[in-house]
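J.: Next one to model:
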Amino acid sequence: MKKGILMLILASGSLLANPENKTALKTWRDSPDGIQFTKWEASPAGKKVHAGAVKINRAIRGNASLVGVVTSLTLPEGSSLGFGIMVNIQGDDYILTFGGEVDQEFDALRDLQVNDQINIKSHHVSKAPKYAFAILSPTYVTQGAKLLYKRVQAKGGC
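T.: The predicted model follows:
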C-alpha cells in the first residue's frame, strides 16, 4: 500500500474495521516510515497537531458547520497539497486544502481576504509530519449566503 493511503487509514478509524486494513496498518507501523510517524506523533509538534484534529473531529463526523477565520491565503512553504488556505477554527490553525486546480474552480476562494469569516463543512481531517497543522478537506465553504466551494464527487469513486 502507498504511504498516502495508509495516512488515510491512520486518520480515519472507521477504515480499521476491515481486518485487511488492520494488517496493512500493522505492517506500515513496523516500516521505517511508520516508525518515523509514530515518533512524530509522540513529539510535542505531533501532539499539538493531533489535539487540533481531535478538537474538531466530532463536528466533522456530525456533519456540523465549522466557523473559520482566514489567517493566510497561501499554504506553508514547501506544501504539496495543491490549492489551499490557512484558517483558524476555535483558536487553532488548520490547513484547508482543496487539491489540484482546475481552471476557474477556485476563483471565488481567491477573492477571500485575511480575517474573512467563512463556514466550512469538512469530510475529513488528517495529519502529516511535514505540516505543523491538521489538514481539513472541505465538502463545501460558504461566506454568508454565498457558496465559495463545493466538492465534486469523483465519478465511480467513494
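J.: Give me the secondary structure label for the nearest residue to Gln117 once chain neighbours are set aside.
T.: Excluding its sequence neighbours, the residue lying closest to Gln117 (C-beta to C-beta, 6 or more residues apart in numbering) is Val69, at 5.6 Å. Yep, even glycine has a C-beta here, placed from its N, CA and C like the rest. What DSSP: H, G, I helix; E, B strand; the rest coil gives for Val69 is strand.
J.: How about Phe37?
T.: Three-state call for Phe37 (three-state DSSP): helix.
J.: Which phi and psi values does the closest residue in space to it that isn't next to it in sequence adopt?
T.: Distances taken as C-beta to C-beta, 6+ apart place Pro129 nearest to Phe37, at 6.2 Å, with adjacent residues excluded. Backbone geometry at Pro129, expressed as degrees, to the nearest 10, gives phi -60, psi -20.
J.: tell me the contacts of Pro129?
T.: With contacts defined as C-beta atoms under 8 Å, 6 or more residues apart in numbering, Pro129 is in contact with 36-37, 40, 46.
J.: thinking again about what came up before, next, count neighbours for the residue nearest to Gln117.
T.: The number of residues packed near Val69 is 14, by other C-beta atoms under 10 Å.
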